[in-house]
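Q: pasted the sequence and its predicted model underneath.
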Amino acid sequence: MREVIRNTFLECLALSTNEDKQFIPGMFFDKWFRSAGKSFLFLFKKNLNVTNLQMVELLSLLRCNTRFSYSHAGGTINGSTFQFMSSAEFRVGLSKVFEGFSKGSNSLDFITFLADYMFPLASSTIICDIYFGSCLIFLPPGIECDLARICAQSGYVHSCGPNLLFRNITKVNKEFLCDKIRAFLASRHRDTDAKPIRMVIYAHEDFTKYDRPKAADLRNGLDDVKVYLEKYYLGTQRLVEVLRLLEAQFDQHLHIMGPGPFQDRNEQALSKCDPTSSLWLLVDHGTSDVPRHRGDDQYLICYEQQYKNETPLHIFDENKPAWIDHTTIPHTLMGSMLNITAPWWPKNKPPVIGDPFAGTGTTWLEAAKCGVMAECSDLLPIADQLCRDNARFFCLSIKELKSLSKDLKEAEDVGLSAFVVPNEYQTRPSRPHMAKKWLLSIQAELGKQSPGEVLSKEVERKLREEDDILYRMLFYIGLRTGRRHVASFIRQSEDWEGAYKLESAELRAQINDLSDLYKSMNDSTRVSGEVQQFIGQYSYGVCLPIVDWLLEHRPAPVRGGIDVRSFPKESCDVIITDPPYGFNADMQPKDLAELFQATIGVVLDALKENGQLVIALPDWSHTGKELPFFVLKEMFTQQLILAVSDRNMEIIGINYSLPPPSSLLRPPYYWESARALRRAILHFRFRRLEDTKTGKQHIKNDAEAVFPSETK
């Protein structure tokens, strides 16, 4: 097999010349990567305005889920061999190599020599072109990629599939688009009698007015890749006119969806289409010198959506049912933080993931999603119960979820007046009515708490005693109501009952989405490896079997009431954490400084050999609240380096190539919440030094790998 691929490389080189016998790098790229290889489009949930972690996560997942289909040099068959370059970087480099050797020669002997010289690198290079909200990947022949696993495991990949077209919109005309779709349909119908495929135009006119309930999820992400269908042109023709021509030309094999999502004017034609994939037409922008600002160039994209990320945890993100405070880290972010460590997990056994600030179990649930164990604790005594409640919630059946949603709605309709004049409920009060009454008694207890207290012992006792999940959910909704809307209560712009109904309605909508997702999974799930695949709205939905894992590993092992200083030593391969930094809670500066200093030593001592640390730290406040310098990445990094030195350890830098802009793909990474703060995400790898006889320690502190400069 390797010899076949090598001969393909030789053939691509030999055919990549013009009429004057000059080597054309672009021609070779098309033959090697586009014709002989494969190209895939990865669409992200959030673009570079929010974070750059999605790009780093994708490269890490590619390294873990991409393999040679043949024995490579030295017998290496895993992703550690792969290098990453951009298409422009590859073409320029190949051109310079060719010119440096040939000086105009293009003899067969020289081409053969060049093939032998370049093949090991070219066959191991994955092309990665980074755009503002998506990434285009080219694989050379001989490399196979598990798209379904990458999509299912990721935090920020929305969907992925083969790329048909990705080009500056000013250079696309009707003929170009038709040629790409014709080639795709010809390939699709070559070996099988395939059904017609749907083509969806992701247009503002058709989607935006329907998806506003999801506006927060779509902002700085999918909203920005929508097409203005009624305004765009391809060459001199309106896009709407081109689409009508496409539909007429490929009538038997292509069905262009009508206006509005999930709708179509021709239900009979739609019923004959392939339900497992669809073509999508959308746009994206290039990057700029400032990572968080998109470039001016706009690109038209057409890709086949084969897989869509349907991780149940992502429906809730920062709003898990068992909730204690609005410092919760999003599941998408935590999942990405976990995934960037995956290339260096132990090879012969599952890793142990640790978090000494586990809160309501976000880290534990993300580790469970990947099927690995976690060592998690939190100072909050009730943390164990919170995590169990979240695990219990995601294991509810469809029937139980629907019943819970119905009860929550009934509890919303039970107004406070019902408890002032309760005659209509005296004969037979409903379960939601009694649960709402219990909640109000808890609210009274919360009002007795001392300032800064999370949950008093009395509130904790009442919560633990009540095992009914409806009561528990009402408590968490009530807690969210009080803590998220406290400012509006102070200025009297909102009352408690109105705020409660908003929070309850949001949770109900998410529960209904989860119920619909579970129904789709029950109706058509098949398992490919460890990935669950099922028929979704436009393609296969994919996720990892987190519910099966939760059912098998009850109860949730988050230990509550554990100080960070008691975290077990040498217990974890990876520690991923989001420590408290006093942003949403009042902590004395001295206590916070001591906590951070202690945390550094604790996490280093808790790591096994070749361990990793990924930590989220505040980087900038958008609310005007001052951030102490000792919780920022500058001070933390300096203290960490000192602690590493004291323990006879070293920091290991990145050891594989990165596509430009490489500074975007090195730590610290950023994550932005426009309404609150910017987080800096730091990633360190460590190992212990073997030579301790001389007393000298050499810390590999590559300033660019550990703490590069940033463009604000």
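A: Good, I have the coordinates.
Q: am I right that residue 252 is in a strand?
A: No: in this structure, residue 252 is coil, not part of a strand, as judged by DSSP: H, G, I helix; E, B strand; the rest coil.
Q: excluding sequence neighbours, find me the nearest residue to it.
A: Once flanking residues are discounted, residue 252 sits nearest to residue 196: 6.8 Å by CB to CB, 6 or more residues apart in numbering. Where you see a C-beta, it was placed from the backbone N, CA and C, and this is true even at glycine.
Q: which residues in the stretch 551-700 of the chain form strands?
A: 558-560, 572-577, 607-621, 649-652, 669-672, 677-688 (DSSP state E, counting those that start in this stretch).
Q: if you could redo that for the stretch 1-150 of the chain, that was the one I meant.
A: For the stretch 1-150 of the chain, the strands defined by DSSP E, counting those that start in this stretch occupy 38-44, 66-68, 83-85, 125-130, 134-139, 143-145.
Q: would you check that residue 178 makes contact with residue 246?
A: Yes: with contact defined as CB atoms under 8 Å, residue 178 reaches residue 246; the gap is 6.6 Å.
Q: can I see the domain layout of the chain?
A: Using automatic domain parsing, the domain ranges for the chain come out as 37-82+124-309, 313-384+546-706, 393-535.
Q: as CSV, these with mean pLDDT and mean neighbour count would be great.
A: As requested, these are arranged in CSV below (pLDDT from 0 to 100; neighbours: other CB atoms under 10 Å):
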stretch, mean pLDDT, mean neighbour count
domain 37-82+124-309, 91, 18
domain 313-384+546-706, 86, 18
domain 393-535, 89, 16
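Q: state the distance from the residue lying closest to residue 610 once chain neighbours are set aside to residue 638.
A: Leaving aside its sequence neighbours, residue 610 sits nearest to residue 687 (CB to CB, 6+ apart; 5.3 Å). Taking CB to CB, to the nearest Å as the measure, residue 687 falls 20 Å from residue 638.
Q: kindly report the same for residue 575.
A: Distance of residue 575 to residue 638, given as CB to CB: 19 Å.
Q: list the contacts for the residue nearest to residue 610?
A: Applying CB atoms under 8 Å, 6 or more residues apart in numbering to residue 687 gives the contacts 609-610, 649-650, 652.
Q: which one of those is nearest residue 98?
A: Nearest to residue 98 out of these is residue 652 (CB to CB; 35.1 Å).
Q: surely the closest one meets residue 686?
A: Yes: the criterion here is CB under 8 Å, and residue 652 meets it with residue 686 at 6.8 Å.
Q: thinking again about what came up before, just so I know, which of the strands of the stretch 1-150 of the chain lies nearest residue 330?
A: Of all those, strand 38-44 sits nearest to residue 330, with 13.9 Å by CB to CB.
Q: may I have the strands that pair with the closest one, each with its orientation?
A: As defined by DSSP bridges, the strand partners of strand 38-44 come to strand 134-139 (antiparallel), strand 157-168 (antiparallel).
Q: these: which one's closest to residue 67?
A: Comparing the strands paired with strand 38-44 by CB to CB, strand 134-139 comes nearest, at 10.7 Å.
Q: helix, strand or coil for residue 364?
A: Following three-state DSSP, residue 364 is assigned to helix.
Q: that one contacts residue 352, correct?
A: No: checked against CB under 8 Å, the pair residue 364 and residue 352 is beyond contact range at 11.7 Å.
Q: any common contacting residues for these two?
A: When contacts are counted by CB under 8 Å, 6+ apart, residue 364 and residue 352 are jointly contacted by residue 374.
Q: distance check, residue 444 against residue 450.
A: In this structure, residue 444 and residue 450 are 15 Å apart, going by CB to CB.
Q: typo on my end, residue 516
A: Shown here: residue 516 relative to residue 450, a distance of 43 Å by CB to CB.
Q: list the contacts of residue 281.
A: Applying CB under 8 Å, 6+ apart to residue 281 gives the contacts 199-202, 227, 300-302.
Q: swap in 7 Å and give it another go.
A: By CB atoms under 7 Å, 6 or more residues apart in numbering, residue 281 lies in contact with 199, 201-202, 227, 302.
Q: that one in helix, strand or coil?
A: Of the three states, residue 281 takes strand under three-state DSSP.
Q: which strand residues bridge it?
A: When bridges are called by DSSP bridges, residue 281 pairs up with residue 201, residue 302.
Q: which residue, neighbours along the chain excluded, lies closest to residue 99?
A: Leaving aside its chain neighbours, residue 99 sits nearest to residue 23 (8.0 Å; criterion: CB to CB, 6+ apart).
Q: next: residue 195.
A: In space, residue 195 is closest to residue 274, 4.1 Å off (CB to CB, 6+ apart).
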